[in-house]
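**Q** Sequence first, predicted coordinates after that:
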Protein chains: 2
Amino acid sequence: MTSSDKPDHAADTADTPAAPTGVAAMEWAAAAADPQYRAAVVDLLGALAYGELAAFERLADDAKLAPTLEDKAELAKMASAEFHHFERLRDRLAGIGEEPTVAMEPFVAAYEGFHKQTAPSDWLEGLVKAYVGDSIASDFYREVAVRLDSDTRALVLAVLDDTGHGGFAVEKVRAAIDADPRMGGRLALWARRLMGEALSQSQRVVADRDALSTMLVGGVADGFDLAEVGRMFSRITEAHTKRMAALGLAA
Amino acid sequence: MTSSDKPDHAADTADTPAAPTGVAAMEWAAAAADPQYRAAVVDLLGALAYGELAAFERLADDAKLAPTLEDKAELAKMASAEFHHFERLRDRLAGIGEEPTVAMEPFVAAYEGFHKQTAPSDWLEGLVKAYVGDSIASDFYREVAVRLDSDTRALVLAVLDDTGHGGFAVEKVRAAIDADPRMGGRLALWARRLMGEALSQSQRVVADRDALSTMLVGGVADGFDLAEVGRMFSRITEAHTKRMAALGLAA
């Protein structure tokens, strides 16, 4: 999951946040004294860790569809980068005394469901999926990151660091649409389906995970209420729409 | 492709080599003045590079068969290690002015043929394949390495460095046979099939690639003749047999 050189992060368009207060001004040791905050962070790290492992598998799989050896190597590189992000998250979970697989387990079904519903049928669909999936996930975690304690925030932002996936996908997809403009319509439909499926799986997770959702609606971390969650999802959707337009896909 | 803590390397059982002479005593710059030696090394690096990329894909694929999240993460780690080996070989090819994909291309069919003929049907077959495949490849490259110029030799030995695959596979396979001794018979058959397919694909490569085979039979590098190639293959087969026996599989 990476940011990349895409035109908009949802978080960039949010109002400039005030200086951190509450949990956001604390380090992990202090913030984790609240057991509900701790549980929410363990959920968040578990979800992110399994997401990286699932992204590794998906990208390694998509590498098989690559039309050239260079493209294959590029996808393998992305997959390997996701794996290293996974390692950092897993080590962090272990470091705070949590069993990483126990933390990841609750999120397996949602990711598997998403990937099963959105298996790309060709190389370009795979690239669009990598780009859309990474961008949405990155936007979501950046939104959440500003409400986290400073240690957890630094880790989350580090694993979302740009590894250049976006640029590669954008370049290849744009070239394919230039070569065959009808491609644009098919890929635009595909991007809509990806966004719809991502939203539906996220809602499933939020409904299942009490500590996590409580944090999101302001029960623990500061500055989040239900209306704010609604605005967050709408910022993420807007950023997606802009990215698709920039890619030549009417979202 | 890695060595690992397996009981025997074929190369270990060979006679202690004399101090390097000829090409083996040279650095790359001097050795590469011979265009046939240069072509053989480009072949060797291309074959090794594509082998690493194919191993990455195979291990990432096998990760899907993993019974637990820990096992999945372990396979993903191996896959990622192979990818980093690939990067070093690709960068080396580029560094000596060769187009990496052109160097790899001639070996794609042999690797794909091998993997197509030996698709594991379950997790244990996948582990045995990872172990057997890595061990044979590692033995082969170690045998060849002692005949290479010092720079190429250092690179080849570095990418064969132990990343612990062997230990992990051995432990899991041994536990499975302990739990169900009938498993041993099935996996022994499987290991034989893997060895047979590896030999048949190697012969295909040797028949196709003039510079490489000339080096192997002593036309360029020192100390290799046709009888010696035969002895090398028999050392590799013997080492395989010993490894399988140590694993509880009659080869």
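**A** Received it, and whenever you're ready, just let me know what you need. Because the structure is a prediction, the values reported are computed rather than measured. Residues are numbered from 1 along each chain as shown, chains lettered A, B, ... in the order given.
**Q** From now on I want contacts and neighbour counts done on CA atoms only, so please keep to that.
**A** OK.
**Q** just the helices in the stretch 51-200 of chain A please.
**A** Along the stretch 51-200 of chain A, counting by DSSP state H, counting those that start in this stretch, helices occupy A:69-95, A:100-117, A:123-145, A:150-159, A:165-179, A:182-208.
**Q** For B:Val146, which of these is the nearest?
**A** B:Val146 lies closest to helix A:69-95 among the helices of the stretch 51-200 of chain A, at 29.1 Å (C-alpha to C-alpha).
**Q** is any part of that closest one close to chain B?
**A** Yes: judged by C-alpha under 8 Å from any C-alpha of the partner chain, helix A:69-95 comes into contact with chain B at A:69-70, A:73, A:76-77, A:79-80, A:83.
**Q** Kindly reformat those residues as JSON lines containing neighbour count, pLDDT and distance to A:Met244.
**A** As requested, those are exported to JSON lines (neighbours: other C-alpha atoms under 10 Å in any protein chain shown; pLDDT from 0 to 100; distance: C-alpha to C-alpha, whole Å):
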{"residue": "A:Leu69", "neighbour count": "19", "pLDDT": "94", "distance to A:Met244": "27"}
{"residue": "A:Glu70", "neighbour count": "12", "pLDDT": "93", "distance to A:Met244": "25"}
{"residue": "A:Ala73", "neighbour count": "21", "pLDDT": "94", "distance to A:Met244": "25"}
{"residue": "A:Ala76", "neighbour count": "29", "pLDDT": "94", "distance to A:Met244": "24"}
{"residue": "A:Lys77", "neighbour count": "23", "pLDDT": "92", "distance to A:Met244": "24"}
{"residue": "A:Ala79", "neighbour count": "31", "pLDDT": "92", "distance to A:Met244": "23"}
{"residue": "A:Ser80", "neighbour count": "27", "pLDDT": "93", "distance to A:Met244": "26"}
{"residue": "A:Phe83", "neighbour count": "24", "pLDDT": "95", "distance to A:Met244": "27"}
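**Q** and the residue of the stretch 51-200 of chain A found nearest chain B, how far is that from A:Asp151?
**A** For the stretch 51-200 of chain A and chain B, the shortest gap (C-alpha to the nearest C-alpha) falls at A:Ser80, measuring 5.0 Å. In this structure, A:Ser80 and A:Asp151 are 24 Å apart, going by C-alpha to C-alpha, to the nearest Å.
**Q** likewise A:Ile236?
**A** In terms of C-alpha to C-alpha, A:Ile236 sits 24 Å off from A:Asp151.
**Q** more crowded one of these two?
**A** A:Ile236 (22 against 14; other C-alpha atoms under 10 Å in any protein chain shown).
**Q** tell me the secondary structure for that one?
**A** Following DSSP: H, G, I helix; E, B strand; the rest coil, A:Ile236 is assigned to helix.
**Q** is it true that it touches A:Ser138?
**A** No: A:Ile236 lies out of contact with A:Ser138 (C-alpha atoms under 8 Å); the separation is 9.7 Å.
**Q** what does chain A put close to chain B?
**A** A:53, A:56-57, A:60-61, A:63-64, A:69-70, A:73, A:76-77, A:79-80, A:83, A:101.
**Q** Could you find the closest non-adjacent residue to A:His240?
**A** A:Ile136 (7.1 Å; C-alpha to C-alpha, 6 or more residues apart in numbering or on different chains).
**Q** unless I'm mixing things up, that neighbour is touching A:Ile236, no?
**A** Yes: counting by C-alpha under 8 Å, A:Ile136 does reach A:Ile236; the two are 6.7 Å apart.
**Q** how about the closest residue to the residue of the stretch 51-200 of chain A closest to chain B other than its chain neighbours, what does it touch?
**A** Once flanking residues are discounted, A:Ser80 sits nearest to B:Ser80: 5.0 Å by C-alpha to C-alpha, 6+ apart. By C-alpha atoms under 8 Å, 6 or more residues apart in numbering or on different chains, the contact set of B:Ser80 is A:79-80, A:83, B:56.
**Q** hmm, which two among the residues you listed are most spread apart?
**A** Among the contacts of B:Ser80, the pair separated by the greatest distance (C-alpha to C-alpha) is A:Phe83 and B:Phe56, at 12.3 Å.
**Q** Next, count neighbours for A:Leu44.
**A** Counted with other C-alpha under 10 Å, residues neighbouring A:Leu44 total 20.
**Q** for the one 3 residues further on, same thing?
**A** Neighbouring residues of A:Ala47 were enumerated by other C-alpha under 10 Å; the total is 21.
**Q** Please tell me how far it sits from chain B.
**A** 13 Å (C-alpha to the nearest C-alpha, to the nearest Å).
**Q** Next, the contact list for that residue, please.
**A** A:Ala47 neighbours (C-alpha under 8 Å, 6+ apart): A:103-104, A:106-107.
**Q** Now flag whichever of the residues you listed is closest to A:Val42.
**A** A:Ala103 (6.4 Å).
**Q** wait, doesn't A:Ser150 sit right on A:Ala30?
**A** No: judged on C-alpha under 8 Å, A:Ser150 makes no contact with A:Ala30 at a distance of 10.4 Å.
**Q** Please identify which of those two sits among more neighbours.
**A** Legend: neighbour count by other C-alpha under 10 Å for A:Ser150 and A:Ala30, higher for A:Ser150 (19 against 11).
**Q** I'd guessed A:Ala198 sits against A:Phe114; true?
**A** Yes: with contact defined as C-alpha under 8 Å, A:Ala198 counts as touching A:Phe114 (6.6 Å).
**Q** In terms of neighbours, single out the busier of the two.
**A** A direct count of neighbours by other C-alpha under 10 Å for A:Ala198 and A:Phe114 places A:Ala198 higher, at 23 against 18.
**Q** give me the number of residues near A:Glu197?
**A** Using other C-alpha under 10 Å, A:Glu197 has 17 other residues around it.
**Q** The nearest residue to it once chain neighbours are set aside: what's it in contact with?
**A** Leaving aside its sequence neighbours, A:Glu197 sits nearest to A:Phe114 (C-alpha to C-alpha, 6+ apart; 6.3 Å). A:Phe114 makes contact with A:197-198, A:201, according to C-alpha under 8 Å, 6+ apart.
**Q** Alright, I will stop here.
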